[in-house]
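Asker: Curious how this folds, go ahead:
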Amino acid sequence: MTADHLYYSKGGADMEDRVAKTSIFGFAVGALDGYRPAGSCIVERVKTRLVHAAVRHLLQQSPHWGGDIPISQEDILVTWHTLPTFAMRKMIEWKVPVRPAEPEAYLRVWQVTAHMLGIKDEYVPATWDAAYAQSGQILPRDMGPTQERRPGVTGARAT
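Answerer: Take a look at the predicted model:
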């Protein structure tokens, strides 16, 4: 349902803008001072949580909406996996040299970030193997076309 959430919350109307806004948060997390008082991670986290709350509230009032509660735990994890899990997979695939402790430190930063975004701790992967397994489970079913882009569906959102 993630693609539907984006589409009907205006995110799908301008995906370049949506990706740019998500990237701002990702850059804040990765900044050297991201979690320090001068960093912007906390501010970006609050902004993200407020947007998620607004979408949860407003999207359900839309005449187009007929789905589950938007921006669920799984929805947030979908985005989470498109950032650290995807990046770590690519670093391994591209043979980027990393020191032995760096993958675990990178995972830890993103575990804290997941917690700060409101993902329940029991859903936050404890290891990279768990992250890869969870990613393989949820991304294929959640990352797909909206109803408007699905074969055989035309016009307004199918219910």
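Asker: hey, which helix is longest across this protein?
Answerer: Counting by DSSP state H, the longest helix found in the chain is helix 41-59.
Asker: how about the helix or strand harbouring V112: buried residues?
Answerer: Using DSSP states H and E, V112 sits within helix 102-116. Within helix 102-116, the residues scored as buried using 16 or more other CB atoms under 10 Å are P103, Y106, L107, V109, W110, Q111, T113, A114, M116. In short, each C-beta sits where N, CA and C put it, glycine included.
Asker: which ones are touching the first one?
Answerer: Remark: with contacts taken as CB atoms under 8 Å, 6 or more residues apart in numbering, P103 is in contact with M88, W128.
Asker: re the thing from before, give me the mean pLDDT for the longest helix of the chain.
Answerer: Mean pLDDT, helix 41-59: 89.
Asker: Please put the alpha-carbon coordinates of the helix holding V112 into CSV.
Answerer: Taking C-alpha atoms only, helix 102-116 is exported to CSV below (Å, rounded to 0.1, in the frame of the first residue of the first chain):
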residue,chain,number,x,y,z
GLU,A,102,31.6,0.3,10.5
PRO,A,103,28.7,-1.9,9.3
GLU,A,104,27.5,-2.4,12.9
ALA,A,105,27.9,1.3,13.8
TYR,A,106,25.9,2.2,10.6
LEU,A,107,23.2,-0.2,11.6
ARG,A,108,23.1,1.2,15.1
VAL,A,109,22.6,4.7,13.9
TRP,A,110,19.7,3.6,11.7
GLN,A,111,18.2,1.5,14.6
VAL,A,112,18.2,4.6,16.7
THR,A,113,16.7,6.6,13.8
ALA,A,114,13.9,3.9,13.4
HIS,A,115,13.1,4.2,17.1
MET,A,116,13.0,8.0,16.8
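Asker: and after it, which helix or strand comes next?
Answerer: Next along from helix 102-116, by DSSP H and E: helix 128-142.
Asker: and V98, helix, strand or coil?
Answerer: What DSSP: H, G, I helix; E, B strand; the rest coil gives for V98 is coil.
Asker: If you rank every helix and strand of the protein by mean pLDDT, what lands last?
Answerer: Lowest mean confidence among the helices and strands of the chain (mean pLDDT, DSSP states H and E): helix 2-8, at a mean of 58.
Asker: Okay, and the residue nearest the centre of the chain sits in which element?
Answerer: Residue closest to the mean C-alpha point of the chain, counted by CA atoms, centre = their mean, is T79 at 1.5 Å. Per DSSP H and E, T79 falls inside helix 73-80.
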